[in-house]
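Asker: I'd like to go over a predicted model; first the sequence, then the structure.
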Number of protein chains: 4
Amino acid sequence: MDEIRIAVIGAGRIGLTHAENVAHRVQGARLVAVTTSNQQRSAAVQEYCGDVACYPTLEALLKAGQLDAVAITSSTSAHADNVVASAEAGVHIFCEKPLALTLDDCDRAITAAEAAGVKFMMGHVRRFDTGHVEAKRMIDSGAIGRPLVFRSISGDVDPPSASFADPDVSGGLILDAMYHDLYLAPWLMADKITRVYAEGGALVDEGVRSVGDVDNAVVSLCFERGGMGSLFVSRTTRYGHDLRVEVVGDEGAVQIGRFRQTPVRLMDRTGVHHDMARTTPERLGEAFVTEMQAFVDCILNDAPSPVTGYDSRATVAVGIAATQSLHRAKPVNI
Amino acid sequence: MDEIRIAVIGAGRIGLTHAENVAHRVQGARLVAVTTSNQQRSAAVQEYCGDVACYPTLEALLKAGQLDAVAITSSTSAHADNVVASAEAGVHIFCEKPLALTLDDCDRAITAAEAAGVKFMMGHVRRFDTGHVEAKRMIDSGAIGRPLVFRSISGDVDPPSASFADPDVSGGLILDAMYHDLYLAPWLMADKITRVYAEGGALVDEGVRSVGDVDNAVVSLCFERGGMGSLFVSRTTRYGHDLRVEVVGDEGAVQIGRFRQTPVRLMDRTGVHHDMARTTPERLGEAFVTEMQAFVDCILNDAPSPVTGYDSRATVAVGIAATQSLHRAKPVNI
Amino acid sequence: MDEIRIAVIGAGRIGLTHAENVAHRVQGARLVAVTTSNQQRSAAVQEYCGDVACYPTLEALLKAGQLDAVAITSSTSAHADNVVASAEAGVHIFCEKPLALTLDDCDRAITAAEAAGVKFMMGHVRRFDTGHVEAKRMIDSGAIGRPLVFRSISGDVDPPSASFADPDVSGGLILDAMYHDLYLAPWLMADKITRVYAEGGALVDEGVRSVGDVDNAVVSLCFERGGMGSLFVSRTTRYGHDLRVEVVGDEGAVQIGRFRQTPVRLMDRTGVHHDMARTTPERLGEAFVTEMQAFVDCILNDAPSPVTGYDSRATVAVGIAATQSLHRAKPVNI
Amino acid sequence: MDEIRIAVIGAGRIGLTHAENVAHRVQGARLVAVTTSNQQRSAAVQEYCGDVACYPTLEALLKAGQLDAVAITSSTSAHADNVVASAEAGVHIFCEKPLALTLDDCDRAITAAEAAGVKFMMGHVRRFDTGHVEAKRMIDSGAIGRPLVFRSISGDVDPPSASFADPDVSGGLILDAMYHDLYLAPWLMADKITRVYAEGGALVDEGVRSVGDVDNAVVSLCFERGGMGSLFVSRTTRYGHDLRVEVVGDEGAVQIGRFRQTPVRLMDRTGVHHDMARTTPERLGEAFVTEMQAFVDCILNDAPSPVTGYDSRATVAVGIAATQSLHRAKPVNI
């Protein structure tokens, strides 16, 4: 196989990002189709990705054939069904995080992909960001000694629509927006999370509150070897898309993230001013290319998927537990 | 009164800092004595502060008279008794944090000072640091909107001696070393803490473990109006004395702290390098002068104490609750 | 024309960068060939750009036809001849900076391109870097008042080979490596350079010295409206590829550049450490894509070239004058 | 001698700084008097320094006796006479930079101090700033290899009064405000300046222009061993008091200075904002204490002066040459 024919399932913000990258930046791959029932999104795909087929549904796409792989970017609540259908059609699968809203759905998806013998990779994009990759390398090299504490912040400038924020669709704040930190924590600490405790509130956004979710939360983690975590997630960090991670070890620490985005500072009589990343593509754009390239390469080289369904299942388990803790005001063991 | 005659009770690290400042930098004050039973510390006082009297005990000092005020820097477990004795001797009182290890002792000290009609100020030094002062001003001016979340880290390079770390002496990690964050949180958020949850472990230091304490901990806070806190305290941030605070509001955020101490960077073939503060005087030195000046000025001008015993009592209450949470693995309401 | 067929002339480091971008990242363009007589470079092109034709010479390439445009990345001393030949063949021309080593050659190239009626764009890549673009926008918006002083540093980690450094090939340190600053200065200041003064020396590299050039130099500029410049160029900034520009106005200043490349910091007992860009693609990589896209777009849309031969001629004039000043130890008017 | 009795000559901004430090922060010294004929300044001294004698002239002060040392902070044009008179009175001398406006006056002052056998120390305050001290230590330790290039910026927020800016009083922009960089350059490079070239203009301030001086200038330096300098001085860096120095060596570089003053950042929807030092005491405050302590200590310990009149004479020579270059538009050898 010289060139992987990829279709993107869903044409939302993240779907369009993947579609553009496959169309223009990922080598060894070709964007052949997207699925969307929305005319506007379909037009956006044509504008940014060139002339590609648009199907109203995954079924229609799979029926048309001529496909090697799919990148699933539909609502989280649809992921498991999409994975199962794609697996049964025998195409390789890239699926945006989180794998599903329940552990049963995670298992169903994992089982289907394994039964079909297709490649199955989860979209853990920050695993492909230079900052995170370098931090992992430093930690593994012993530069900070033994990792003790994981700290993080994940902030979005503005809340999503209430329909998206709906816990039945997205899984709620923690599973949706703290997901990355919850999978980075055990990866960077090289340990397992055994207990979580969450505090949260619908402090700002009426839409989020109306669907029964919270817009800001803090989570404590306890790890198997005694390490800890202190995490903060927000839908309302108005100042920017704030992604920061620190791991403190018994001999040092690493910090991932930066405040300044554009390499320019303005200085005037009122002080010093600069910008900050405001969107995920601004902060992580190149990592999406690296990630999709990794997916394409693992198909081309018949290599193992770098991020498995089990990785996502473990993260979903922690996210569900933290969400339960939030509602029960009690720590939850995992 | 033109010049306040001050004695420093205790000649440990922080005692010596206060003694030097009174001797050389605080205006309207004169260092007249210290109390210490340790010959070496007594010699250090003479070296850094000039020729001042040394008494073996507070009783001996108070008996000698000729004193307007004391700065109490003894072990936390001795604070309440020291405050009571000083109040009964009619001298003004500055007391290092925390006021005491129990709420009963806090009350006893507060009552004694009130009964004596002396000035009584607690050592909340970060209230006098330019960074914290400016952050408070910004928050109060509305620059970040409504405060939602308080985040902090307080790290010491190396653990104290086991005898100091002993919870019966210092109150343990949270009360001793997270104290500043626990009083800054409600001050900056302008709200009350209603619930705490803590995770912690003796992950590094044998001495700390041997006296039944932990050396690293994370704490979650819940505030009355729904805000939250995510705090980390460590006795083992080998890379520096790391004091950082952030308050995120619904329109912005403020961050206090800095990484670079000396204003110089070295750049070589291996990268860019700079130092970081490693001790409290390096990071906060000038604030100790401002703080002690505030104490002297409130005596000279017969003005109210800027930090009261009640302020410390409230912080001690939170610290005790968080320590309980740590041991019980349950959230504790306040 | 739907897709511009582009050939890259020369397959050195910058040639390969342009070739890769045309092959994989620039939209509306296709890499159809490169010219190189070097087998290794030809192999590198195949590896990074896929299966493209390789011609030993520009003549052979042009003779083969089937070409819409060329990107000239040969030695500076060959630029003018390459431009003339390409213009006569009727293909659009992108030419790496500087246009030529003499003003006569600049004129010859400009005249040929105009006579042929082809698009002609110079490779002024920093005009397409987000930091420089944003600084220009800020200055033009009046954010710093009237620009007064331009400061810059351009540093390369290691000297080029002596054969490349040879002033007869590259134009020497100032024309070759300070070129970007010399065109940015009048662009950002919106003014004309009227006088230059240079100091320089072959302080480090024997190869550079052996061909009669210098490896470090500082240049003063005087502008028509009285503004000034203070520039530093180096072939030996071992700590990184250091590109910084500042413009100070009568109401403020802007600074372009950054020290940290990868968004991660390591902190250990010896201090805080991070990396810095070490190569042009690390610091400016994305700008090369934006630049080549601009070239392709100006062909597709029949729009004016954003950077003309006249722009480069003006910069070459300043570079030659500064090089003369260096050798004569006298200021030179322009 | 246990306590040095010091009088401050002149009670301008810098005089008041020294007076306050001697009064409150320098150990082993006592402020006994100031000289000023200005009632307001005299009142300011009383307010900040306590009850000290005020004399209208240096003569009156010296006649009154009871003095061990003077700190001369009068106009530069009066320095030499003040030094001579003080030396003849047998008191130790600290003199603000620059020593004088002419080399003859420098010599006269140096000779008088040597003849009197008194301690004579010049006010080179940045030699006592932690950043500069650490940079010097790094360079001397070989951390950057062999120093090649010195870069600096010295900017003041606003121009001084025309009467102060008057070259006959202050020596003009370069001698007055670039003085620190001109003495730091040979100190950090461990080399001698052999040639200077200056460009400058009265671009902003009418007052400065009216007395025949410039408000912004850039200077190139050539060192004996071939190194270079690229310096910028400004009376109008509205954004802050900008003091930065870099030394680039053949194995690395050091950078002195910082942008953020108060350790706090504000982040809102428009970006990230912080302040910058706006005055010399904000940026260098503690160094003035260290400096004056060094003067007092060299008297108390009968040790050599750490900064001699010869040091200042050498800097004055460079400053005069650079000022000549500015007016002649030619390089000037030293």
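Answerer: All right, it came through fine. Residues are numbered from 1 along each chain as shown, chains lettered A, B, ... in the order given.
Asker: contact partners for A:Leu148?
Answerer: A:Leu148 is in contact with A:Gly227, A:Met228, A:Val248, A:Gly249, A:Asp250, B:Leu203, B:Val204, B:Asn216, B:Ser234, B:Thr236, counting by C-beta atoms under 8 Å, 6 or more residues apart in numbering or on different chains. From N, CA and C alone the C-beta is placed, and that goes for glycine too.
Asker: what about the nearest residue to the last one once chain neighbours are set aside, how many residues close to it?
Answerer: Spelled out, it's B:Thr236. Distances taken as C-beta to C-beta, 6 or more residues apart in numbering or on different chains put B:Val204 closest to B:Thr236, at 4.6 Å, once the chain neighbours are dropped. B:Val204 sits with 23 neighbouring residues when counted by other C-beta atoms under 10 Å in any protein chain shown.
Asker: from D:Arg283, how far out is B:Val204?
Answerer: Distance, B:Val204 to D:Arg283, using C-beta to C-beta, to the nearest Å: 38 Å.
Asker: with A:Val84 instead?
Answerer: With the distance defined as C-beta to C-beta, A:Val84 ends up 65 Å from D:Arg283.
Asker: between these two, which is the more surrounded one?
Answerer: D:Arg283 (22 against 19).
Asker: need phi/psi at that one.
Answerer: Backbone torsions of D:Arg283, given as degrees, to the nearest 10, read phi -80, psi -40.
Asker: my guess is it contacts D:Thr262. True?
Answerer: No: with contact defined as C-beta atoms under 8 Å, D:Arg283 does not reach D:Thr262; the gap is 11.9 Å.
Asker: close to chain B: what parts of the stretch 201-334 of chain A are there?
Answerer: Counting by C-beta under 8 Å from any C-beta of the partner chain, the residues of the stretch 201-334 of chain A close to chain B are A:201, A:203-204, A:216-222, A:226-232, A:234, A:236-239, A:248, A:250-253, A:329-331.
Asker: so where do the helices sit in the stretch 51-200 of chain A?
Answerer: Ranges of helices in the stretch 51-200 of chain A, per DSSP state H, counting those that start in this stretch, are A:58-64, A:76-88, A:103-116, A:130-140, A:162-165, A:167-170, A:172-177, A:179-189.
Asker: go through those and name the closest to D:Arg5.
Answerer: Proximity to D:Arg5, assessed across these by C-beta to C-beta, is greatest for helix A:130-140 (57.2 Å).
Asker: mind listing residues that contact that closest one?
Answerer: Contacts of helix A:130-140 (C-beta under 8 Å, 6+ apart): A:126-127, A:144, A:147, A:184, A:187-188, A:190, A:245, A:247, A:249, A:254-258, A:286-287, C:262-264, C:266.
Asker: ok, and for that helix, which residues are buried?
Answerer: Buried residues in helix A:130-140, counted by 16 or more other C-beta atoms under 10 Å in any protein chain shown: A:Thr130, A:Gly131, A:His132, A:Val133, A:Glu134, A:Ala135, A:Lys136, A:Met138, A:Ile139.
Asker: now the second one, nearest residue through space, not along the chain?
Answerer: It stands for A:Gly131. C:Pro263 (3.7 Å).
Asker: for that neighbour, what are its contacts?
Answerer: Neighbouring residues of C:Pro263 by C-beta under 8 Å, 6+ apart: A:Asp129, A:Thr130, A:Gly131, A:Ile256, A:Gly257, A:Arg258.
Asker: hmm, the fourth one is touching A:Arg244, no?
Answerer: Yes: using C-beta under 8 Å, A:Ile256 makes contact with A:Arg244 at a distance of 6.6 Å.
Asker: who's more crowded, the two?
Answerer: For A:Ile256 versus A:Arg244, the count of surrounding residues by other C-beta under 10 Å is larger for A:Ile256: 25 against 19.
Asker: list the residues that contact A:Ser86.
Answerer: Contact analysis of A:Ser86 by C-beta under 8 Å, 6+ apart lists A:Ile9, A:Leu58, A:Leu62, A:Val70, A:Ile72, A:Ile93, A:Val118.
Asker: residues contacting the last one?
Answerer: Contacts were defined as C-beta under 8 Å, 6+ apart; by that measure A:Val118 touches A:Ser86, A:Ala87, A:Gly90, A:Val91, A:His92, A:Ile93.
Asker: quick one: neighbours of the closest residue to it other than its chain neighbours, just the number.
Answerer: Spatial nearest neighbour of A:Val118, chain neighbours left out: A:His92 (4.8 Å); criterion: C-beta to C-beta, 6+ apart. Applying other C-beta under 10 Å, we find 25 residues neighbouring A:His92.
Asker: same check on A:Pro304?
Answerer: Neighbours of A:Pro304 (other C-beta under 10 Å): 9.
Asker: for it, what are its contacts?
Answerer: Contacts of A:Pro304 (C-beta under 8 Å, 6+ apart): A:Cys298.
Asker: got it, and A:Asp311?
Answerer: A:Met122, A:His124, A:Tyr183.
Asker: at 10 Å what do you get?
Answerer: By C-beta atoms under 10 Å, 6 or more residues apart in numbering or on different chains, the contact list for A:Asp311 reads A:Lys97, A:Leu99, A:Met121, A:Met122, A:His124, A:Arg127, A:Tyr183, A:Pro186, A:Trp187, A:Ser305.
Asker: these two touch, right, the third one and A:Phe295?
Answerer: Yes: using C-beta atoms under 10 Å, A:Met121 and A:Phe295 qualify as a contacting pair, with a distance of 4.9 Å.
Asker: name the helices or strands packed onto the host helix or strand of A:Ala253?
Answerer: Assessed by DSSP states H and E, A:Ala253 sits inside strand A:252-256. Contacts defined by 3 or more C-beta pairs under 10 Å, 6 or more residues apart in numbering or on different chains; DSSP states H and E place strand A:252-256 against helix A:130-140, strand A:147-155, helix A:179-189, strand A:242-249, strand C:264-268, strand C:271-274.
Asker: reformat these as a markdown table; add mean pLDDT.
Answerer: Formatted as a markdown table, those follow (pLDDT from 0 to 100):
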| stretch | mean pLDDT |
| --- | --- |
| helix A:130-140 | 97 |
| strand A:147-155 | 98 |
| helix A:179-189 | 98 |
| strand A:242-249 | 98 |
| strand C:264-268 | 95 |
| strand C:271-274 | 94 |
